[in-house]
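S.K.: 3D, please:
(3 chains)
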Amino acid sequence: MTLTRYLPILLLLVATTASAADDCIPCHREKTPAAVRQWEASAHARAGVGCAACHGSDHDRIVKGEVSVDAKTCGRCHQKAYDRHLASRHGMGLHSGWGCTRNLPERDPAECRFCHEKGSAKALTGVQCARFLKQSSEMGATGCNRCHSVERSCASCHTNHMTDLAIVRNPNVCAKCHMGPDHPQWEMWQTSQHGTLYASDGPSAGPTCQTCHMAGGDHDVSRGITMSSGGTPYPSEKAEPAREEMVTLCSRCHASSFARKELDRDDAVRTQSAAILKEAEAIIWDLSDHGLLDPMPADRPPHPLRGKVLVTDGQMLYEDTSHIERLYFKMMKYDFARTVKGAYHQNPAYTHWYGNAELKMDLIDIKAEANRLRERKAGGAGLGASAAPTTEMQIEERLKALKNRVSRGAISEAEYEKEKATILKELPEKGR
Amino acid sequence: MTLTRYLPILLLLVATTASAADDCIPCHREKTPAAVRQWEASAHARAGVGCAACHGSDHDRIVKGEVSVDAKTCGRCHQKAYDRHLASRHGMGLHSGWGCTRNLPERDPAECRFCHEKGSAKALTGVQCARFLKQSSEMGATGCNRCHSVERSCASCHTNHMTDLAIVRNPNVCAKCHMGPDHPQWEMWQTSQHGTLYASDGPSAGPTCQTCHMAGGDHDVSRGITMSSGGTPYPSEKAEPAREEMVTLCSRCHASSFARKELDRDDAVRTQSAAILKEAEAIIWDLSDHGLLDPMPADRPPHPLRGKVLVTDGQMLYEDTSHIERLYFKMMKYDFARTVKGAYHQNPAYTHWYGNAELKMDLIDIKAEANRLRERKAGGAGLGASAAPTTEMQIEERLKALKNRVSRGAISEAEYEKEKATILKELPEKGR
Amino acid sequence: MTLTRYLPILLLLVATTASAADDCIPCHREKTPAAVRQWEASAHARAGVGCAACHGSDHDRIVKGEVSVDAKTCGRCHQKAYDRHLASRHGMGLHSGWGCTRNLPERDPAECRFCHEKGSAKALTGVQCARFLKQSSEMGATGCNRCHSVERSCASCHTNHMTDLAIVRNPNVCAKCHMGPDHPQWEMWQTSQHGTLYASDGPSAGPTCQTCHMAGGDHDVSRGITMSSGGTPYPSEKAEPAREEMVTLCSRCHASSFARKELDRDDAVRTQSAAILKEAEAIIWDLSDHGLLDPMPADRPPHPLRGKVLVTDGQMLYEDTSHIERLYFKMMKYDFARTVKGAYHQNPAYTHWYGNAELKMDLIDIKAEANRLRERKAGGAGLGASAAPTTEMQIEERLKALKNRVSRGAISEAEYEKEKATILKELPEKGR
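M.R.: Numbers count the residues shown, from 1 in each chain, chains lettered A, B, ... in the order given. Below you'll find the model as predicted:
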């Protein structure tokens, strides 16, 4: 087996060492000086792995951009890392749209390769992103795919020709993507107890991202995580072994009983925060059922994956929606993420101020906006409007909203009939 | 006196060195490896201060969580540091609620010890936090008490078993708590002239948090500060000597005349910013007097300390209030703090953009929301509403608001009578 | 020429070395210890450049604050750096107001010198800042001029008496000003690929601010930039050579074709983002034309440079405007800047989340607020209002708005006549 394992490397070496170093370097020392400098200082150079080992030797095709060096190329030699990477959250497709994105205006053809093998119409992944589909090709490239190409590009972390492991073991390398309003893991870690000890005294005193999420160099960065990236808890058959893995990891430093208690508490924070989110989401759906969103989904550009309907899940957009949905987007994507990830990363300011406090303040704003929208419907009658007597028209309105709820599956037919009866009972009481 | 002073340490050493190192280590090297590793590398180990010196030797009670190692334990040997710590802002209770929190649902019994001696019903501190009382036990633990247990836990900064002073002298150790939207002292320092010099060339070039706030290792971190943590200036008999202390500190590097001039200017920024805050607060109270907050305090869950009344001071909540109060919360807790603390920490971006500009933009929003609320009351009559002629009903309204102002002590009885007369004078002029 | 060039230095040395070091040090070692310590460790001390070389020797005038050591003083010896600095964006005046600021209440007389030669009424620069003019003298000093005195003070970066180049070559030195909500270049760089490599392995692995913006020590920091600081593209005759300069710089590491392609893509992001901004700005002007801003410019304190008119360009204020303008201020000054500068600095989170997503969410809010303002005008008639039949009054309203547009130069007289005719045609159709 040992021989079989190293065979591809051996073949590569035979095929490439001679050509690469000799043919490419003189010219590329001028054209791409950093690449040459970095390669020369790399373990690849020391092992005699030259340019052609990865780039091939057909210069015409390289220049035309037809040769891509992606994770698969690296996997030819680094098979275990590649396999674990693909099995992890890093290895799942995150960026393509429903159907083929090449039909979208201004789509860069180079993006095809994120989702398709060259020349194939079959999508590599089943994951689509509505938010990506709304972007221009340029924003998609600079804003989305600079991070969301990680599953196809080891260079996302390993920096092309620079292979010094000191670089990729530095927590800063994770910061490039794991930062910002939606998942500030780097910021959280940096000012947590863990990050603080690291800052004072290096990785022996304080654990880095890699210490816990890539223990022993394992490229499955998702080990020990018990929820989706959106914060939905995994079913217990998946979550429980993951939790055990994490506790085992923590117990390299901490008492496992301590670690378990801390993580359980973080789970509770997640559950409580999800409930706040749910409360806000229900308000928006109720407004939608009553036709009160402004504008309503029917009156705005269609959602790229679902069409002219309300979307408040992981495919929710941050553009072409309404003010109250934008407030909810912040709650879901920023506040909730900061609360939950802040808790799991032991950062009080992110858990409480950047997370929980924002979540609750945004809930206030959502309720206030919902009130405004309801009053508006009532004809701008002001504060007293909600206390006005029920009219036939209002009954009709409520029945219509109830119908909407059953259509979207929020209540069953039976519940519909029961609630309808309750509403209709109010009719004779009001006379007329 | 020297003997008396060292007596407790000597007694501890006699009582514990033998037992601790011998009995605990073999097992705990497996169970809590980091703790053992850290202790072994610590000054405590070198001085023969073993596990039992702090944890006692009753393993059953330790396992049951009945033995807490808190600041008092440390104070048995480190008495001066403990005394100065208790005298400082770090030593004041910041987290408990009015009355006993154990009566609140879901309160973690372990939290009792923040405010009470074990087994005692007497509160250790007179300081309560309404915001803490609104949180679940889990959020209280991960979001609040991870910082707000500093008065009872030296480990907040000294990191349990790691006693290397290099760690606790690193400014990052302060970042764990002194960061975030409400008091980003770490962020401010980091990008100030002081932090910049430190980043380039270490503490000899640029002062750290500790250089100014713990000069000479003094554990009274509040020396030289002239205002409460909420930004209220101290009375001059307290502020003036504090200022002198700070100027003396600054003059270790700067001309004292320069330091004094800078700090005086920062005082002016504080005064001016407090005035902006006051203007916004007055708008909210006026709306409340006219019954225009939505919802009014009477119609929402009671404030944990004050009940169903409006609260806009340091005990203001960020949840279960109204949209306009949430805007004010941000102004008071975030914008004002950033402006003032930014100024005292010489950070222009925090003083101006994160502080002053936000303060003024939020004032715009508060005025806009106040307008909306007033118009709504006027029956949604739109832009022209405020110009409508005064009716008898409006007079009644104004008298009621005036009554509210006198009840809450905002104006005296005499002022009330005078203003009432002015309002009544308008009545005949309007006829009817 | 060599002699002529070094003459001033030689004269200085003759005039000052003896006096400075001998006369000032003993006393100032007590009074300003850091200054002395720093000078003693500096290249100035080694070269025999003493206190009087910069400060002069008239102690009375120094104490009275009449001697300022500014960029011009440094330029006497460091002429090339001074010249390049003045030619750069750093060298342009950024802070003074229209006319003489000394006429403004509470203006610090020391600020005169930012814009005037001592004793002269002639302004040094033609650039004014309305936002500065709205601030108190203290906020101007701590919040604005701490950064915006760079053109007159080399100490902005070179830290007074500390001349160690290691300090000024550290990217942190730029962070003092180039950070915050409006231009977080430091934050962007820090978490970009460039900053990440620097953090792991120093400036040989990852370029600093200085590597690209002060290549070879050139003090013209604006080289290679193709837009104004507000993001307006330069005309091609200025932009094209600048782009070539930048590509040449990039090609010290990257293939120039790669660099060009990346920068072109960033240009596209800029153009697209500017279009979003334009859409929002047009909404505000339309509201203004219809008299719907609340409050209208006529009803608020005058803009310091333009008076009682709407301002949405680089001189836009963040105070004393309306809610919708405050939203636009954030879009223009924060969101747009983060998107564009994030793209040019290769930071995906700033380009997309902190930039593009905020830009689009704020556009939603601006549209929502515009709707509210329009409905309000329509008498609070609620959702149906916009569908109401056109009345004579509405026609009049639209003609008035059209007139406003021609007055402010948004449309030509011919366009006005044409659109007026279209509006008038609707009149008979509606009957009456």
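
S.K.: that's a helix at A:Glu138, yeah?
M.R.: Yes. Using DSSP: H, G, I helix; E, B strand; the rest coil, the assignment for A:Glu138 is a helix.

S.K.: quick one, what contacts it?
M.R.: Listed by Cβ atoms under 8 Å, 6 or more residues apart in numbering or on different chains, the contact set of A:Glu138 reads C:Arg265, C:Asp266, C:Ala268, C:Val269, C:Gln272. To be clear about C-beta, it is placed using only N, CA and C from the backbone, and glycine gets the same treatment.

S.K.: So which of those wins on neighbours?
M.R.: Highest neighbour count within the contacts of A:Glu138: C:Val269, with 25 neighbours (other Cβ atoms under 10 Å in any protein chain shown).

S.K.: which among the contacts of A:Glu138 gets closest to B:Arg169?
M.R.: C:Asp266 (42.4 Å; Cβ to Cβ).

S.K.: So for that closest one, what's the nearest residue that isn't a sequence neighbour?
M.R.: C:Ala343 (4.1 Å; Cβ to Cβ, 6 or more residues apart in numbering or on different chains).

S.K.: cool, and A:Leu287?
M.R.: A:Leu293 (5.4 Å).

S.K.: So A:His90 sits against A:Ile225, correct?
M.R.: No. Between A:His90 and A:Ile225 there is no contact under Cβ atoms under 8 Å: 11.9 Å.

S.K.: Tell me how far A:Glu40 lies from B:Thr191.
M.R.: 37 Å (Cβ to Cβ, to the nearest Å).

S.K.: before we move on, what about A:Met331?
M.R.: With Cβ to Cβ as the criterion, A:Met331 and B:Thr191 are 29 Å apart.

S.K.: List the contacts of A:Ala175.
M.R.: A:Trp186, C:Gln190, C:Thr191, C:Thr196.

S.K.: Out of the residues you listed, list just those in strands.
M.R.: Among the contacts of A:Ala175, the subset assigned to strands under DSSP state E is empty.

S.K.: Go through the residues you listed and say which is closest to chain B.
M.R.: C:Gln190 (10.8 Å; Cβ to the nearest Cβ).

S.K.: Spit out the contact partners of that closest one.
M.R.: Counting by Cβ under 8 Å, 6+ apart, C:Gln190 has contacts A:Ala175, C:Pro171, C:Ala199.

S.K.: hmm, who's touching the strand or helix carrying A:Arg243?
M.R.: Under the criterion of DSSP states H and E, A:Arg243 resides in helix A:236-250. If you take Cβ under 8 Å, 6+ apart as the criterion, helix A:236-250 is touched by A:212, A:215, A:223-227, A:233-234, A:256, A:258-260, A:263.

S.K.: could you flag which of those residues are buried?
M.R.: A:Cys212, A:Ala215, A:Arg223, A:Gly224, A:Ile225, A:Thr226, A:Met227, A:Ser256, A:Phe258, A:Ala259, A:Arg260, A:Leu263 (16 or more other Cβ atoms under 10 Å in any protein chain shown).

S.K.: How about the third one, nearest residue that isn't a chain neighbour?
M.R.: What that stands for is A:Arg223. According to Cβ to Cβ, 6+ apart, the nearest residue to A:Arg223 is A:Glu245 (5.4 Å).

S.K.: and that neighbour, how many neighbours?
M.R.: A:Glu245 - counted by other Cβ under 10 Å - has 15 other residues nearby.

S.K.: Same question for A:Pro26.
M.R.: Residues near A:Pro26, counting by other Cβ under 10 Å: 10.

S.K.: what helix or strand is it on?
M.R.: Judged by DSSP H and E, A:Pro26 forms part of helix A:25-31.

S.K.: which secondary structure elements does that helix contact?
M.R.: helix A:33-40 (3 or more Cβ pairs under 8 Å, 6 or more residues apart in numbering or on different chains; DSSP states H and E).

S.K.: what comes up buried for the helix it packs on?
M.R.: Buried, per 16+ other Cβ under 10 Å, within helix A:33-40: A:Ala34, A:Ala35, A:Val36, A:Arg37, A:Gln38, A:Trp39.

S.K.: what is the rounded mean pLDDT of it?
M.R.: For helix A:33-40, the mean per-residue pLDDT is 91.

S.K.: now check it, is it near chain C?
M.R.: Yes. Applying Cβ under 8 Å from any Cβ of the partner chain, one finds helix A:33-40 touching chain C at A:Pro33, A:Ala34.

S.K.: Can you name every helix or strand that that helix contacts?
M.R.: helix A:25-31.

S.K.: then the helix it packs on to PDB, C-alphas only?
M.R.: The C-alpha coordinates for helix A:25-31 follow below in PDB (Å, rounded to 0.1, in the frame of the first residue of the first chain):
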ATOM      1  CA  ILE A  25      11.700  30.100 -13.600                       C
ATOM      2  CA  PRO A  26      13.900  32.400 -15.600                       C
ATOM      3  CA  CYS A  27      10.900  34.000 -17.300                       C
ATOM      4  CA  HIS A  28       8.600  34.000 -14.300                       C
ATOM      5  CA  ARG A  29      11.200  35.600 -12.000                       C
ATOM      6  CA  GLU A  30      10.300  38.700 -14.100                       C
ATOM      7  CA  LYS A  31       6.600  38.100 -14.700                       C
END
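
S.K.: Let me see the residues that make contact with that helix.
M.R.: Against helix A:25-31 from outside (Cβ under 8 Å, 6+ apart): A:Ala35, A:Val36, A:Cys51, C:Ala255, C:Ser256.

S.K.: what's the most distant pair in those?
M.R.: A:Cys51 and C:Ser256 (18.8 Å).

S.K.: ok, back up a step: of the contacts of helix A:25-31, which is the nearest to chain B?
M.R.: Once Cβ to the nearest Cβ is applied, the member of the contacts of helix A:25-31 that ends up nearest chain B is A:Ala35, at 30.1 Å.

S.K.: The closest one contacts A:Ala155, correct?
M.R.: No. Contact criterion Cβ under 8 Å: A:Ala35 and A:Ala155 do not qualify, at 11.4 Å.

S.K.: tell me the contacts of the nearest residue to A:Thr208 once chain neighbours are set aside?
M.R.: Of all residues not flanking A:Thr208 in the chain, A:Pro171 sits nearest, at 4.3 Å (Cβ to Cβ, 6+ apart). Residues counted as contacts of A:Pro171 (Cβ under 8 Å, 6+ apart) are A:Trp186, A:Trp189, A:Gln190, A:Gly195, A:Tyr198, A:Thr208, A:Cys209, A:Gln210.

S.K.: What's the mean pLDDT across the host helix or strand of A:Lys341?
M.R.: Under the criterion of DSSP H and E, A:Lys341 resides in helix A:337-344. For helix A:337-344, mean pLDDT is 98.

S.K.: who's in contact with that helix?
M.R.: So helix A:337-344 is contacted by A:182-185, A:188, A:227, A:231, A:263, A:265-266, A:269-270, A:273, A:348-352, A:354-356, A:358-359, B:142-143 (Cβ under 8 Å, 6+ apart).

S.K.: Recalculate using a threshold of 7 Å.
M.R.: A:182-185, A:188, A:231, A:266, A:269-270, A:273, A:350-351, A:354-356, A:359, B:142 (Cβ atoms under 7 Å, 6 or more residues apart in numbering or on different chains).

S.K.: Out of those residues, name the ones that lie in helices.
M.R.: A:Gln185, A:Met188, A:Asp266, A:Val269, A:Arg270, A:Ser273, A:Leu359 (DSSP state H).

S.K.: what sits against the third one?
M.R.: The one in question is A:Asp266. Counting by Cβ under 7 Å, 6+ apart, A:Asp266 has contacts A:Ala343, A:Tyr344, B:Thr142.

S.K.: Could you do the fourth one as well?
M.R.: Applying Cβ under 7 Å, 6+ apart, we find A:Val269 in contact with A:Thr339, A:Val340, A:Ala343, A:Thr351, B:Glu138, B:Met139, B:Thr142.

S.K.: swap the cut-off to 10 Å and go again
M.R.: By Cβ atoms under 10 Å, 6 or more residues apart in numbering or on different chains, A:Val269 lies in contact with A:339-340, A:342-344, A:351-352, A:355-356, B:135-136, B:138-139, B:141-143.
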